[in-house]
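Sequence first, predicted model second:
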Amino acid sequence: MNTATVEQRETKRDRGSFLASMRRERRRSPLSPGLAALLLAMAGCSGYDPGKLDIDRSIQAKSQSSRVDFIVLHYTSADNETSLRILSEGNVSSHYLITDHPRPRVYQLVDESRRAWHAGASSWYGRSGVNSGSIGVEVVNPGKRDETWSAYSPRQIATLATLLRDLISRHQVKPQNIVGHSDIAPQRKIDPGPLFPWKKLADEGIGRWYDEAAAQRYERDFQANGLPDAAWVQQELGRVGYEVPRSGLLDPATRNVIAAFQMRYRPELFDGMPDARTLAILKALP
Ligand SMILES: [Zn+2]
């Protein structure tokens, strides 16, 4: 408990007991109405300074919740030193940064109650400007270099999992709201990339995954009876959170969203083509 709260409580008690004793005094020896009014006015005004706020925080409302609805995961595309410099001194930032040192360090660069600038133009379940309601976590990783990707170290992922468990429990973040930058900005972003271990985290109870048996059933059905049309694909991508055109066509923007979806749930192939396996996973995703 902080000292301000204690002081505020003391002040409140003192003022209360002073007024109570005055009332008791009044009962015992009635004062003239004029004198009583003067004394009461003095009691109310003593120490009162309208320029100085005296906020009582001793009572907290029962009805409240965290402002954090989403957790957004990124890679930095830079080494430890550069990542730290850009995220602390540049015009982008994140709440947390996990380095790729042999013993990964976790930096907190922005207080969780404040907005970090990590998401940019973004949307998830129709909520745009995801920065406002999210916590951003950057993981140091080189990203895509000459068409190849770098694996995350097991220790980075273990550290990240510990951080995520803490954030999820403190802010009550729903599994479907733990997202990659590529999920909320599929036209612009590809991080945290196809080597990010979404499945491994889901196996540990972190984030959303699909039911494999259901996916296999749907896949067989699509192979036997043909694939659903582009309008269905767009409808389903929207259902699971993505911002997607509703053109009824397999246009470039829709393919970008399919590729982002594949990178996360079927990373072996993320060409943006709606094959039976991709659509089966999509249908099976809660
Ligand atoms: Zn990012």
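Alright, I've got the coordinates.

the domain parsing of the chain - what is it?
3-45, 70-203, 212-284 (automatic domain parsing).

For the ion, which of those is the nearest?
Nearest to the ion, of all the domains of the chain, is domain 70-203, at 3.3 Å by Cβ to the ion. (Glycine included, C-beta is placed from N, CA and C.)

Now name the helix or strand holding Gly193.
Using DSSP states H and E, Gly193 falls within no helix or strand.

burial measure for the closest residue to it other than its chain neighbours, as a count.
Nearest residue to Gly193, sequence neighbours excluded (Cβ to Cβ, 6 or more residues apart in numbering): Trp149, at 5.3 Å. Each residue near Trp149 was counted by other Cβ atoms under 10 Å, and the total is 17.

Doesn't Leu73 belong to a strand?
Yes. Membership of Leu73 in a strand is supported by DSSP: H, G, I helix; E, B strand; the rest coil.

was I right about it contacting Ser134?
No. With contact defined as Cβ atoms under 8 Å, Leu73 does not count as touching Ser134 (10.3 Å).

Show me which residues of the stretch 151-286 of the chain are close to the ion?
For the stretch 151-286 of the chain, the residues in contact with the ion (Cβ under 5 Å from the ion) are His181, Asp191.

Do a quick rundown of the helices in the stretch 151-286 of the chain.
Applying DSSP state H, counting those that start in this stretch to the stretch 151-286 of the chain gives helices spanning 154-171, 181-184, 198-203, 212-225, 230-239, 252-265, 276-284.

State the mean pLDDT of the fourth one.
What that stands for is helix 212-225. Throughout helix 212-225, pLDDT has a mean value of 98.

and that helix, which residues are buried?
Ala215, Tyr218, Glu219, Phe222 (16 or more other Cβ atoms under 10 Å).

got the CA positions of it in PDB?
Backbone C-alpha positions of helix 212-225 (Å, rounded to 0.1, in the frame of the first residue of the first chain) are rendered in PDB as follows:
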ATOM      1  CA  GLU A 212      -7.000 -32.100 -36.000                       C
ATOM      2  CA  ALA A 213      -9.600 -34.800 -36.400                       C
ATOM      3  CA  ALA A 214     -12.200 -32.300 -37.600                       C
ATOM      4  CA  ALA A 215      -9.700 -30.800 -40.000                       C
ATOM      5  CA  GLN A 216      -9.000 -34.200 -41.500                       C
ATOM      6  CA  ARG A 217     -12.700 -34.900 -41.900                       C
ATOM      7  CA  TYR A 218     -13.300 -31.600 -43.700                       C
ATOM      8  CA  GLU A 219     -10.300 -32.200 -45.900                       C
ATOM      9  CA  ARG A 220     -11.600 -35.500 -47.100                       C
ATOM     10  CA  ASP A 221     -15.000 -33.900 -47.700                       C
ATOM     11  CA  PHE A 222     -13.400 -31.100 -49.800                       C
ATOM     12  CA  GLN A 223     -11.300 -33.500 -51.800                       C
ATOM     13  CA  ALA A 224     -14.300 -35.700 -52.600                       C
ATOM     14  CA  ASN A 225     -16.900 -32.900 -53.200                       C
END
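
List of residues touching it?
Pro228, Ala276, Arg277, Leu279, Ala280, Ile281, Lys283, Ala284 (Cβ atoms under 8 Å, 6 or more residues apart in numbering).
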